[in-house]
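> Need coordinates for the following:
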Amino acid sequence: MFFEHVHLDIETLLIFINLFLRDQFTYKSARLELTGLSDHSICDWANFCREVLVEWCVKREGKIGGPGKIVEIDESKFGRRKYNVGHLVEGQWVFGGICRQTRAVFLVPVEKRDRETLLNVIKERVEPGTTIISDCWHAYNCLEEEGYRHLTVNHSINFVDPNTHAHTNTIERLWREAKRKVPLFGRRKKHFVGYLVKTMFVMTFPNSNERFHHFLVEAAALYNPQQPQQS
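Numbers count the residues shown, from 1 in each chain. Next up is the predicted model:
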């Protein structure tokens, strides 16, 4: 079991995990509630928790949507351009989708928003035959040719298309919630995927007790001593 090699008492570790799984976890909040933990230990255990959630995300990767289902897609930028120690730091673009019927979500960091990049993600994450709703970004113009039904809404004119009633309100709410959970400042870029995965985990398990349970199940599976470790 993954507790076997822990150098903390079990109660402290469980309290830390519970803190980490909250919407607004910060190192400061961990220091306030767990005064005996050093900054180094907090950093190590936060990385451990992210590792568990990344493994959870990898295991559940698959396609969302399908015939008769609607998936809204969009891109959004997390963070803003800012100077940090004399260097210009850009925000991070994320491409996302959400199925209206199942609430299944994908969030993928992307370096470019061109047709090739976004289409590759769509093919990997959205089932053929899905009705996809997007804005009028030109990169999506080929979706009908790729086996999807495609509806658009022109946000410069209205938020709901008057003819098809297409809208992207669901994914707009997703962005608002995700940005509330992902810190805009004080985060390292190498941890950005971990923040996104945690956002998906929290959205999948909105009940805190259920979330805590599923985390422990994933941690136990990841650190199962009966499974051979890869060298």
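
> Leaving out chain neighbours, which residue sits closest to the residue nearest the centre of the chain?
Nearest to the mean C-alpha position of the chain, by CA atoms, centre = their mean, lies residue 196 at 3.1 Å. Leaving aside its chain neighbours, residue 196 sits nearest to residue 107 (4.8 Å; criterion: CB to CB, 6 or more residues apart in numbering). Backbone N, C-alpha and C define where each C-beta goes, glycine included.

> just residue 77 next, same as before
Nearest non-adjacent residue to residue 77, counting by CB to CB, 6+ apart: residue 91, 4.6 Å away.

> where along the protein do the strands fall?
Under the criterion DSSP state E, strands of the chain are mapped to 70-78, 82-84, 87-89, 92-99, 105-110, 131-134, 149-152.

> rewinding a little: wait, what's in contact with the residue nearest to the centre of the chain?
94, 107, 109, 178, 182 (CB atoms under 8 Å, 6 or more residues apart in numbering).

> What distance do you get for the first one to residue 207?
What it means is residue 94. Residue 94 sits 25 Å away from residue 207, going by CB to CB, to the nearest Å.

> Mind checking which of those two has more residues around it?
residue 94 (21 against 9; other CB atoms under 10 Å).

> The more buried one bridge partners, please.
Beta bridges link residue 94 to residue 76, residue 109, judged by DSSP bridges.

> Contact partners for it?
Contacts of residue 94 (CB under 8 Å, 6+ apart): 75-78, 107-110, 178, 196.

> hmm, back to that, averaging pLDDT over each of the strands of the chain, which comes out lowest?
Ranked by mean pLDDT, the strands of the chain end with strand 87-89 at the bottom, a mean of 48.

> Could I get the full set of helices for the protein?
10-20, 27-33, 39-60, 115-125, 169-181, 192-204, 208-222 (DSSP state H).

> export these to CSV and tack on distance to residue 101 and mean pLDDT?
Output for those, formatted as CSV (distance: least, CB to CB, whole Å; pLDDT from 0 to 100):
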stretch, distance to residue 101, mean pLDDT
helix 10-20, 31, 90
helix 27-33, 36, 83
helix 39-60, 17, 88
helix 115-125, 16, 96
helix 169-181, 11, 89
helix 192-204, 15, 86
helix 208-222, 21, 93
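
> Tell me which of those helices sits most buried.
helix 192-204 (a mean of 20; mean count of other CB atoms under 10 Å).

> re earlier: and the strands of the chain as JSON lines, adding distance to residue 212?
Shown next, in JSON lines, are the strands of the chain (distance: least, CB to CB, whole Å):
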{"stretch": "strand 70-78", "distance to residue 212": "26"}
{"stretch": "strand 82-84", "distance to residue 212": "34"}
{"stretch": "strand 87-89", "distance to residue 212": "34"}
{"stretch": "strand 92-99", "distance to residue 212": "24"}
{"stretch": "strand 105-110", "distance to residue 212": "20"}
{"stretch": "strand 131-134", "distance to residue 212": "34"}
{"stretch": "strand 149-152", "distance to residue 212": "39"}
